[in-house]
Every structure is written in structure tokens, then in C-alpha cells.
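**Student:** with the input below, show me the fold.
(one chain, ligands or ions: 1)
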Amino acid sequence: MVDPVIIATWPFGQTAVNAGIELLAQGQPSLDAAIAGAQAVEDDPKVNSVGFGGLANSIGTVQLDACVMDGRTLACGGVAGLENIRHPAALARRVMEKTPHVLLVGEGARWFGIKEGFPLEVLSTPESLAEWEKRRPGNKAPAPKSGGGEPPFSHDTVTVLALDQKGNLGGVCTTSGLAHKLPGRVGDSPLIGSGLYVDDTAGAAGGTGVGEEIIRIGGSLLMVEAMRAGQSPQDACELVVRRVNALALRRGVPPAKVAFIALDPKGRVGAACTAQTEFQYAVARAPKQVELLKAKEIGPEDK
Ligand code: SD4
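**Tutor:** Coordinates of the predicted model:
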């Protein structure tokens, strides 16, 4: 039997790993634990970047992105630009399990959710609307221009990676994406290989931050392939951050704020982020043993 472990992005990842480790300790599969953990964050209205209470796009509509992946078989599913359904990760799982497809978008994803019995809801809260208004472009000094043409926002996708007692890996990535994004904009989070990739034979990896920069380098697949080639999860995360930095240099822009986490089949974890991202992540190895850790920051000049 393998000692289970679960890892999730940002301080609210503690909510996710707390929920997920209970299931793992009972012998539940990694994907179930990762989805339960992600859903605890989706349901939290205080987290205004994931699920219910997420920040809206430029025309005031909340559009959610999510994907899930099962490391045993590489089965995966995703939804993008999803409106009015608060549990995009659970719906992504239905795409994986009940359709021959990997990704459903927009109205089609919503239609599928209704068909699957998901209730329709207004996802904005008075608090998320107030925060959205505060962050309206022009309401505040613009953030420094970066590789992603980065507007002022905080980075708050929840990506959850889990290893269960049988040694299988599962992962979830779920977000409302960048606040004030263009309607229809899809980030890295629902894209297999970008926001998430999971393969039992190599490792699991996920990202958060400016999605355009993560998509550009296929961030999560890159990390998993680095682990397959023998790198530790920590080295794999640092490799992709260096890739983001090098690409920003080539493009003549400051590196975007991005962060990555990784977990291998041995239960080793890693995390790294670009400069000034101040990325923290949560790790649980047993119920009541939750740690919040600070990721290594790597700037363009760091070797
Ligand atoms: C996106 N990667 O939509 C997401 C946003 C994010 O922390 O991670 N914020 O680009």
C-alpha cells in the first residue's frame, strides 16, 4: 500500500487537501479525492476565482473552465466557457465518463450539464460583483505589462493532484479564469497538457497564473515528460518556470506570473513560480497533517 498524498495550489488549496486527504485515507481513488477537494473550493463563495462567486468576464458573465484526468488510463475530460453551473470539475468528469469527447465548450457544455442534472444558478455574489467592479480596467493603476499582457488581477485557480493508496494518480484544474477576460476566452485550465496532465507511469502536474503563457509552452505535459525522463517533481517545476522566463526574454516582455505544482508516483512533490508571484501551495499526507508551503521563485536572471 502506498502512503497517499494530495497537493493543491494557493492557500485555499488547504480546503481542497483537507477534503481530499480524508477520502484518500479511507482508500478512495485519487480522482475522487481530487474532485472532492476541488469542489470544496468551487463551493466556497469567498474564493472569487473558482466556481460559485467567481469573477466575471468583461461583460459581467461568469464563465468557468475545468478539466480532470485519470492517470491510470489517461482518460480525461474538460469544459470551457461554462455558464451557470457551479461544479465544472464534476461536469468535466461526466464529459470524460459519458461522452466520446474530451472537451465541451460554452452553450454545448451547459446543455450537457442540464442533461446530466446539474442545476442552473447565478454564480455571481454581491461580493464577487463588488470585487469585479473594483478590478474593472481603468479603476486602478494598471499592473506592469507582462508576457500575457497581464491586467490587474490575482491568480487563483485551484489545481489538485492526488496519489491514492493503490499508487494511482488523479488531477483536477478548475477556475473562473482571468477577471475581465474577453467573453469566450479560454485559458490553460480546461486544456489537457496545459493546465493539467496526469500519467501514472510518469507523474502529475498542473499550473496556475496567466493561462496564455502556460498554453504557449504546454506547461503540464512538459513537466510530466521531464519526470518521465527522470527529473524530480521539483526539478520539473523549475524547468517550466525557466522555460517561461526564457520565452519572455525572447519576446522582449517581463515574465508573466505563473506557478506550477507536480507530484510523482513515489509521492514526492514540487512547486515553483516566476518572480513576484508569491505562490503558496498546500500538501497533505495524512488527515490533520496539512502544510502550507512557499514555492521557490525563479527570476529571469536565476540559473
Ligand atoms: C487562466 N490559469 O484562466 C487561469 C487563471 C489562474 O490563478 O490560474 N489564475 O488563465
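
**Student:** show me what from the stretch 151-300 of the chain comes close to the ligand.
**Tutor:** 155-157, 175, 177-178, 187-189, 208-211 (CB under 6 Å from any ligand atom). Yep, even glycine has a C-beta here, placed from its N, CA and C like the rest.

**Student:** list just the nearest of these to Val102.
**Tutor:** Closest approach to Val102 among those (CB to CB): Ser189, at 14.0 Å.

**Student:** can you pull the contacts of the closest one?
**Tutor:** Ser189 makes contact with Asp65, Ala66, Cys67, Thr157, Thr159, Cys173, Thr174, Thr175, Gly177, Gly195, Leu196, Gly211, according to CB atoms under 8 Å, 6 or more residues apart in numbering.

**Student:** present the residues of the stretch 151-300 of the chain next to the ligand as a markdown table; the columns should include pLDDT.
**Tutor:** Listed next are those as a markdown table, based on pLDDT from 0 to 100:
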| residue | pLDDT |
| --- | --- |
| His155 | 54 |
| Asp156 | 74 |
| Thr157 | 92 |
| Thr175 | 94 |
| Gly177 | 91 |
| Leu178 | 89 |
| Gly187 | 97 |
| Asp188 | 98 |
| Ser189 | 98 |
| Thr208 | 97 |
| Gly209 | 96 |
| Val210 | 96 |
| Gly211 | 97 |
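
**Student:** any idea where the helices of the stretch 201-303 of the chain begin and end?
**Tutor:** 211-216, 219-228, 233-251 (DSSP state H, counting those that start in this stretch).

**Student:** now Thr201, nearest residue through space, not along the chain?
**Tutor:** Arg228 (7.1 Å; CB to CB, 6 or more residues apart in numbering).

**Student:** so which of the residues of the stretch 151-300 of the chain next to the ligand belong to strands?
**Tutor:** Mapping those onto strands (DSSP state E) picks out Thr175, Thr208, Gly209.

**Student:** skipping adjacent residues, who's closest to the last one in space?
**Tutor:** Just to be clear, that refers to Gly209. Val258 (3.3 Å).

**Student:** from what I see, the one you found and Ala272 are in contact.
**Tutor:** No - under the criterion of CB atoms under 8 Å, Val258 is not in contact with Ala272, lying 9.5 Å apart.

**Student:** quick check: neighbours shared by those two?
**Tutor:** Val241.

**Student:** what's the mean pLDDT across stretch 281-293?
**Tutor:** Averaging pLDDT along stretch 281-293 gives 95.

**Student:** ok, and what's touching that stretch?
**Tutor:** Residues from elsewhere that reach stretch 281-293, judged by CB under 8 Å, 6+ apart: 3-11, 13-14, 16-18, 20-22, 25, 259, 261, 267, 269, 271, 280, 295.
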